[in-house]
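need coordinates for the following:
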Amino acid sequence: MLTRALWLTALLTGSISFASAHDVQTDQLRIAHPFATPTPPGVANGAAYLDITAHTESVTLVSAQTPVSESVELHDMQMEGDMMKMRHVSAIEIAKDETLTMRPGGGYHLMLMGLHQPLEEGDRFPITLEFAQQDDIEIEVWVQSAQEGSNAADRHHQH
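You can find the predicted model right below:
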């Protein structure tokens, strides 16, 4: 794992490509720009976001795990009246030729339950995604502000 100084040097010299460094592509799907938002000290849970595009057939995300937390739950946040409600879901299906876009502020996300330490901007960590119809996929999650992570993820769809 690169230190922040080495990462900045590599980025500035062009030896790392943002677009290719942070996408995972298989025959069935594409996962674009996985990111998590920083957490304050003492906060037990965090959230991670990613975009999943299903290419050849629908795919169903059924679970995830990471070494940075006790567990990972699939969650959905929706407005009910004037109240935002978050609920655990058992699976997330992405239809063929569709993109599921996860962003802070609502909709689906990966809830990191029981963080072992706070997530700090600039950190990176692995998450393994389990799908019903294919092999597990390990991705690297970057810890970024909600705005920076969302903007970077949106840029991945312009390629």
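
what about residue 144, how many residues nearby?
Counted with other CB atoms under 10 Å, residues neighbouring residue 144 total 22. Using the backbone N, CA and C atoms, a C-beta is placed for each residue, glycine as well.

show the subsequent helix or strand relative to the lowest-mean-pLDDT helix or strand in the chain.
One helix or strand of the chain scores below all others by mean pLDDT, DSSP states H and E: helix 18-21, with a mean of 39. The helix or strand immediately downstream of helix 18-21 is strand 23-25, counting by DSSP states H and E.

so what touches that next one?
Outside strand 23-25, the residues that touch it by CB atoms under 8 Å, 6 or more residues apart in numbering are 30, 31, 32, 33, 137, 139, 156.

which of those fall within strands?
30, 31, 32, 33, 137, 139 (DSSP state E).

ok, the fifth one touching residue 65?
No - in this structure, residue 137 is not within contact of residue 65 by CB atoms under 8 Å, at 11.9 Å.

neighbour count winner among those two?
residue 137 (18 against 15).

next, the contact list for that one, please.
24, 26, 31, 128, 129, 131.

at 6 Å instead, please
Residues in contact with residue 137 (CB atoms under 6 Å, 6 or more residues apart in numbering) are residue 129.

same question for the one 3 residues further on.
When contacts are counted by CB under 6 Å, 6+ apart, residue 140 touches 124, 126.

residues near the closest residue to residue 144 other than its chain neighbours, how many?
Closest residue to residue 144 apart from its sequence neighbours, by CB to CB, 6 or more residues apart in numbering: residue 35 at 4.9 Å. Residue 35: 24 surrounding residues under other CB under 10 Å.

among the ones in strands among the contacts of strand 23-25, who's most crowded?
Neighbour max across the ones in strands among the contacts of strand 23-25 (other CB under 10 Å) = residue 33, 25 neighbours.

helices of the protein, start to end?
Secondary structure of the chain (DSSP state H): helices located at 4-13, 18-21, 146-156.

about what we covered before: is it possible to get JSON lines of the contacts of strand 23-25 that adds pLDDT and distance to residue 123?
Below are the contacts of strand 23-25 laid out as JSON lines (pLDDT from 0 to 100; distance: CB to CB, whole Å):
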{"residue": "30", "pLDDT": "94", "distance to residue 123": "24"}
{"residue": "31", "pLDDT": "95", "distance to residue 123": "19"}
{"residue": "32", "pLDDT": "93", "distance to residue 123": "19"}
{"residue": "33", "pLDDT": "89", "distance to residue 123": "15"}
{"residue": "137", "pLDDT": "95", "distance to residue 123": "20"}
{"residue": "139", "pLDDT": "95", "distance to residue 123": "14"}
{"residue": "156", "pLDDT": "53", "distance to residue 123": "20"}
